[in-house]
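*Asks:* Attaching a predicted model along with its sequence, questions to come.
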Amino acid sequence: MVPPVTPAIRAQHLSKHYDGHAVVQDVSFELAPGETLVLLGPSGCGKTTLLRMLNRLVEPDSGTVEVFGQDVRHSRPEQLRRGIGYVIQQVGLLPHYTVAENVGVVPRLLGHEPAVIATRTEELLSRLHLPPARYANQYPHQLSGGQQQRVGLARALVADPPLILLDEPFGALDPITRTSIRREFRELEELRRKTMVLVTHDVQEAFELADRILLLDAGQVQQLGTPHELLFSPVNDFVRRFFAAEQLALQLRTLRLTDLLPYLVPGSTNSSLSNRNIIPTTVTIQEAIEALSNASELTIPAEEQVIFVRSADTVSPISLTISSLMGAFGQAIQHLRRS
Ligand SMILES: Nc1ncnc2c1ncn2[C@@H]1O[C@H](COP(=O)(O)OP(=O)(O)OP(=O)(O)O)[C@@H](O)[C@H]1O
């Protein structure tokens, strides 16, 4: 028999009051190792308070938190926090320390060898697009907001904690920087195996980064589930209304070509198309539209922009145009609404 995996986090019946008001009310969830949970909800709904209960920056009035099977009350708060990465919007870099010194703070406190810290710091800065030769000896005020944010992320990652908590980590950035840094963040090898809890009030961001979303309102869990479940199987009106304004954009980012295969008719194969015109069925509808819009850069004449979809279980490729794609998308949505 496979032994049960100890959850990375088990939060049970967490509650917190401030000045007689319930800010977090009876919240429970479990997170598997490697999973990313996004805490989402309107301003003031208790996301930050809930996050800070996980590393004891806030003590709950009632309820318990276990991190990798250990009740957090049994660790000293400072010790617990050194083992959990924490990234906040106001990056909190030390102004009189260089970039490298800021990144090395926690490993120094943990007593790691200076040479090991230096190597690791350089490796992380390079991976976060801050070449150490240029940035290691700069001071925070010499960096842009986005660069400071990356130093904050490097600092949280340097001691290689298995769990990272992030509170609006991209909140202070302009929308364009925010989108590109988010993409880098998602593709960062370093984060692939980490368990993460991320607070945001940005719905698109939540859908882009979450394995599961915990949607809160007035301190209470409204729904906990995958982006797909929240979008297509909302459990109440609050959840439905919360996503209504951005529904189409979210549907395009949540459904994948795999979901549309039953509605796509295999087309004729065109031998003039090279491999560059083949996209996998794992891409989202949004990505497929972007690929089709860029198809004129490929070998196909603009008036017959076609892209082939290939998956392990599709023997013959399916040719795709914007109109066949949107037709299939419409049918898939109707089917999901009915079921
Ligand atoms: N230390 C505190 N003392 C008193 N009230 C507090 C304290 N911390 C938070 N609150 C209150 O608790 C409620 C929830 O705050 P919290 O910061 O957890 O919400 P949030 O969902 O993270 O909000 P935002 O998205 O605006 O950051 C708010 O009404 C806030 O004013």
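*Replies:* Nice, I can see it. Not measured: the values here are computed from a predicted model. Residues are numbered from 1 along each chain as shown.
*Asks:* Contact residues of the chain facing the ligand?
*Replies:* Within reach of the ligand by C-beta under 6 Å from any ligand atom, the chain has these residues: 18, 23, 41, 43, 44, 45, 46, 47, 48, 49, 201. C-beta here means a position set from N, CA and C on the backbone, and glycine is covered the same way.
*Asks:* tell me the secondary structure for the second one?
*Replies:* So that's residue 23. Here residue 23 is recorded as strand under DSSP: H, G, I helix; E, B strand; the rest coil.
*Asks:* got a pLDDT number for it?
*Replies:* Reading off the confidence values, residue 23 has pLDDT 96.
*Asks:* Isn't it up against residue 49?
*Replies:* Yes. Contact criterion C-beta atoms under 8 Å: residue 23 and residue 49 qualify, at 5.2 Å.
*Asks:* nearest spatial neighbour of the closest residue to the ligand within the stretch 101-250 of the chain, skipping sequence neighbours?
*Replies:* Residue of the stretch 101-250 of the chain nearest the ligand, by C-beta to the nearest ligand atom: residue 201 (4.8 Å). Distances taken as C-beta to C-beta, 6 or more residues apart in numbering place residue 43 nearest to residue 201, at 6.1 Å, with adjacent residues excluded.
*Asks:* quick one: what helix or strand has that neighbour in it?
*Replies:* Taking DSSP states H and E as the definition, residue 43 sits outside all helices and strands.
*Asks:* That one - how many residues pack around it?
*Replies:* Using other C-beta atoms under 10 Å, residue 43 has 6 other residues around it.
*Asks:* Tell me if I'm right that it and residue 200 touch.
*Replies:* No. Residue 43 is beyond contact range of residue 200, at 11.3 Å (criterion: C-beta under 8 Å).
*Asks:* which residues do these two both contact?
*Replies:* Applying C-beta atoms under 8 Å, 6 or more residues apart in numbering, one finds that no residue jointly contacts residue 43 and residue 200.
*Asks:* Helix or strand next in line after the helix or strand bottoming out on mean pLDDT in the chain, which one?
*Replies:* The least trusted helix or strand in the chain, going by mean pLDDT, DSSP states H and E, turns out to be strand 307-310, with a mean of 56. Using DSSP H and E, the next helix or strand after strand 307-310 towards the C-terminus is strand 318-320.
*Asks:* between residue 23 and residue 49, which one's more packed in?
*Replies:* Using other C-beta under 10 Å as the criterion, residue 23 and residue 49 rank with residue 49 on top: 22 against 19.
*Asks:* Which stretches in the chain count as strands?
*Replies:* 9-18, 21-31, 36-40, 62-67, 70-71, 84-88, 163-167, 195-200, 212-217, 220-225, 278-280, 307-310, 318-320 (DSSP state E).
*Asks:* any chance of those in CSV, plus distance to residue 122?
*Replies:* Below are the strands of the chain laid out as CSV (distance: least, C-beta to C-beta, whole Å):
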stretch, distance to residue 122
strand 9-18, 31
strand 21-31, 31
strand 36-40, 27
strand 62-67, 30
strand 70-71, 32
strand 84-88, 19
strand 163-167, 21
strand 195-200, 24
strand 212-217, 35
strand 220-225, 40
strand 278-280, 35
strand 307-310, 40
strand 318-320, 44
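*Asks:* mean pLDDT lowest for which of those?
*Replies:* Ranked by mean pLDDT, the strands of the chain end with strand 307-310 in last place, scoring a mean of 56.
*Asks:* before we move on, the earlier item: common neighbours of residue 23 and residue 49, please.
*Replies:* The contact sets of residue 23 and residue 49 overlap at residue 16 (C-beta under 8 Å, 6+ apart).
*Asks:* Provide a list of residues in contact with the closest residue to residue 35 other than its chain neighbours.
*Replies:* Spatially, and ignoring its direct neighbours in sequence, residue 35 is nearest to residue 211 (4.8 Å; C-beta to C-beta, 6+ apart). Contact partners of residue 211, counting by C-beta under 8 Å, 6+ apart, are 35, 36, 37, 226.
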